[in-house]
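J.: pasting the structure only:
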């Protein structure tokens, strides 16, 4: 079969709805690549095109015969089926941070982050063993590496000794239409029983590094006395049971609402109605929710860890993870609300889908696409 594009993109690892933010990151980038005038052929799990039909306007999608949920079977598929189907391509882009045992060159490798090096305790033993064995080899073998931030670029250079000229920063892109798909505030307050109080939102799966327990303590001990409700939303992670246990305390549950996974429309609406978006994460490769909040016209408060100061810039409040500092968030945001909203709207213009796609297209062209 002839390929529509000279670039092949390996997304066989990208199981829709399972792999998290990396799915949105790369799909938005591919939309931007199409807007920049470059088409690719995407290799993906069975059912991927049904979930992402928007990619078909500019890209061909070839699906594996299975869902790729089994890592051993997926790895075999990459080194056999994918290897055969990418013969004759100019560039093969592997978007999942690792290279197959058999791969074609030239190769672009996307590395989203190196969290496993800084917080190995947050990873299951088998996953950690796999990453420790495969990621260094992959980083050193790739002809070019794409990363979302300068922070990740520095960590890749430091961890693996990759020359910095072999790494391209390809930032996230935020959908321009985000603000058009927003559930009304009155509907959300009624449906989720939020009451009339101002809310601070935190959209993140309950992974240990995200900081849910820290923020619950802040809300319980400080924000509750100011009449401010904390609203958590996102899928279950390794800290889900610990979060649920804290919310078994009726006093805590009075001022903290944990909604779990919600629709995009509800998520956007909850962010848009918030006093602020709080993001006390210990580690992020990018931290897309802070830019999405800026797009929705909501002030952002983040930790000073990892890439977050770089991404937030001067368009939000950046704090160290000290409870007394976060206790003052409602007052800090109220005092600077108009300024933060205006600076956030300016900041987000650097993170459009088109800008992200053009950065990825430059990386492809650098390798000869």
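T.: Received the coordinates, thanks. Since this is a predicted model, take the numbers as computed values, not measurements. Numbers count the residues shown, from 1 in each chain.

J.: and the nearest residue to residue 242 once chain neighbours are set aside, how far is that from residue 285?
T.: Computed as Cβ to Cβ, 6 or more residues apart in numbering, the closest residue to residue 242 that is not its neighbour in sequence is residue 213, at 6.2 Å. Heads up, the C-betas are built off the backbone N, CA and C, glycines and all. For residue 213, the distance to residue 285 equals 22 Å [Cβ to Cβ, to the nearest Å].

J.: more crowded one of these two?
T.: Using other Cβ atoms under 10 Å as the criterion, residue 213 and residue 285 rank with residue 285 on top: 24 against 16.

J.: any idea what that one is structurally, helix, strand or coil?
T.: Residue 285 carries the three-state label coil when classified by DSSP: H, G, I helix; E, B strand; the rest coil.

J.: Could you do residue 195 as well?
T.: Classification of residue 195 using three-state DSSP returns coil.

J.: Which other helices and strands does the helix or strand hosting the residue nearest to residue 242 contact?
T.: Assessed by DSSP states H and E, residue 213 sits inside helix 212-221. If you count contacts as 3 or more Cβ pairs under 8 Å, 6 or more residues apart in numbering; DSSP states H and E, helix 212-221 packs onto strand 199-203, strand 229-233, helix 240-247, helix 250-253, strand 256-258, helix 323-327.

J.: Would you indicate which residues of it are buried?
T.: 212, 213, 214, 215, 216, 217, 218, 219, 220 (16 or more other Cβ atoms under 10 Å).

J.: Please work out the average pLDDT along it.
T.: For helix 212-221, mean pLDDT is 97.

J.: now that helix: how far from the chain's centre is it?
T.: Computed by Cα atoms, centre = their mean, to the nearest Å, the chain-centroid distance of helix 212-221 equals 23 Å.

J.: Return the angle between stretch directions for that helix and strand 229-233.
T.: 160 degrees (axes from the mean of the first three to the mean of the last three Cα atoms, to 10 degrees).

J.: quick one on the thing from earlier: Throw the helices and strands packed on helix 212-221 into JSON lines and include mean pLDDT, mean neighbour count and distance to residue 132, thanks.
T.: Shown next, in JSON lines, are those (pLDDT from 0 to 100; neighbours: other Cβ atoms under 10 Å; distance: least, Cβ to Cβ, whole Å):
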{"stretch": "strand 199-203", "mean pLDDT": "98", "mean neighbour count": "25", "distance to residue 132": "30"}
{"stretch": "strand 229-233", "mean pLDDT": "98", "mean neighbour count": "22", "distance to residue 132": "32"}
{"stretch": "helix 240-247", "mean pLDDT": "96", "mean neighbour count": "15", "distance to residue 132": "26"}
{"stretch": "helix 250-253", "mean pLDDT": "94", "mean neighbour count": "12", "distance to residue 132": "38"}
{"stretch": "strand 256-258", "mean pLDDT": "97", "mean neighbour count": "21", "distance to residue 132": "33"}
{"stretch": "helix 323-327", "mean pLDDT": "97", "mean neighbour count": "16", "distance to residue 132": "34"}
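
J.: Residue 28 is nearest to which of those?
T.: Proximity to residue 28, assessed across the helices and strands packed on helix 212-221 by Cβ to Cβ, is greatest for strand 199-203 (16.7 Å).

J.: How about the backbone phi and psi for the nearest residue to residue 275 once chain neighbours are set aside?
T.: Excluding its sequence neighbours, the residue lying closest to residue 275 (Cβ to Cβ, 6+ apart) is residue 198, at 4.5 Å. Note on residue 198: its backbone torsions stand at phi -60, psi 150 [degrees, to the nearest 10].

J.: Relative to residue 280, how far out is residue 198?
T.: 18 Å.

J.: cool, and residue 157?
T.: 27 Å.

J.: So for those two, which sits in the more crowded spot?
T.: Of the pair residue 157 and residue 280, residue 280 is the one with more neighbours under other Cβ under 10 Å, namely 25 against 17.

J.: Give me the residues contacting the helix or strand residue 28 falls within.
T.: Using DSSP H and E, residue 28 maps to helix 21-35. Outside helix 21-35, the residues within contact range by Cβ atoms under 8 Å, 6 or more residues apart in numbering are 9, 11, 14, 16-17, 39-40, 42, 52, 54-55, 57-59, 95-96, 110, 112, 148, 170, 172-175, 286, 288, 352-358, 360-361, 364.
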